[in-house]
Every structure is written in C-alpha cells, then in structure tokens.
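S.K.: my questions concern the predicted model and sequence given below.
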Amino acid sequence: MGTGITKDDIKHFSPDIQKQIYAQIGGGDAQSGNVAAGQVPQKPIRRQKYTAQKVGKYDSKSERARHIQLQAMEQVGEICNLIYHPMRLYLGETDLGNDSSYRPDFYYYDKVKEVHVIEEVKGVRVRDWPVRSALVKNMWGHLFELRVTKG
C-alpha cells in the first residue's frame, strides 16, 4: 500500500518520538526501511560470536563433541552427575553496579580425583576470559575445580 511512511520520514524526529512512533505502529522492517501500520518487525537472527556454529542445543561443534566424551566417561564410571549448562555462579557486582554471573558449559563430579568440576570449552581466546576465570577461581575455587578444554 502506498500509505506507509519510511524511516527517512521518521528519522527527522527525536529518538524519543521515534520510539513512540514505532511502538504505536508496531515496529518496522529494517531491510526495506518501510514501516506500515500493523506491520510486525522481524526478529534479527542472532549470530554466534567467534564464528562458532551452533549444533542443536550446543553453542559449538567442539562443545557437542566434549559432551559426548563426558557422557562416555560417565557411563564408564569415571565421572557422575554430568550437567550441561548448569546453574549460574554469582561473581559479584561490576563497576557499573550490575550483577555479574557466569554459566559454565559443564558440571560433573570427578570420581577419580574426588572433586567437583566446572568445565569450559574454549575454541578461541576470548578477551574477558582471563578476568572471568580468575573471578570464578577466587569466589568458587573452594567448591569447584575449574577446567578449560581446548575446542
């Protein structure tokens, strides 16, 4: 229909007015720039960081492969209580006043070494990982052993 307005028409308004317009008309289409009454915006496809390919419920191929290895270890009896993406661990408050938390890839109990383990699969060196791992060890090291597996 020719009665739609374009983003070029809307961009002349202040950001607050733009938000009100989009909220009232139901969003917009970022690709074409057209916004029509009753139009539902398309949810953008979320890309994986560091080009990891999501495989089913797993964040990467290497994470899936490691889970299969851990399941085999559990069947043999080396480990028990294997959990994929277990509870979040509280890491404290950030400089901005937000709460920071960490969710490991795996949790299990290592029967051989008799220790509770949280494990992270890393395929790429991540900028914030050294700080995050230090926080995890500092706050939770008395309860868990942190292991990092190269993906």
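M.R.: Yep, it's here.

S.K.: which is the next helix or strand following the helix or strand hosting Arg64?
M.R.: Arg64 is part of helix 61-76, with elements assigned from DSSP states H and E. Next along the chain after helix 61-76, taking DSSP H and E as the criterion, comes strand 79-84.

S.K.: output the contacting helices and strands for the following helix or strand past that next one.
M.R.: Later in the chain than strand 79-84, the nearest helix or strand by DSSP H and E is strand 89-93. Contacts defined by 3 or more CB pairs under 8 Å, 6 or more residues apart in numbering; DSSP states H and E place strand 89-93 against strand 99-102, helix 129-140. C-betas here are computed from N, CA, C, even on glycine.

S.K.: confidence score at Gly38?
M.R.: If you check Gly38, the pLDDT there is 50.

S.K.: burial of the closest residue to Leu135 other than its chain neighbours, as a residue count?
M.R.: Counting by CB to CB, 6 or more residues apart in numbering, Leu91 is the residue found nearest to Leu135 once chain neighbours are left out, at 4.6 Å. Neighbourhood size, Leu91 [other CB atoms under 10 Å]: 18.

S.K.: okay if I get the helices and strands packed on strand 89-93 as CSV plus mean neighbour count and mean pLDDT?
M.R.: Below are these laid out as CSV (neighbours: other CB atoms under 10 Å; pLDDT from 0 to 100):
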stretch, mean neighbour count, mean pLDDT
strand 99-102, 13, 75
helix 129-140, 14, 83
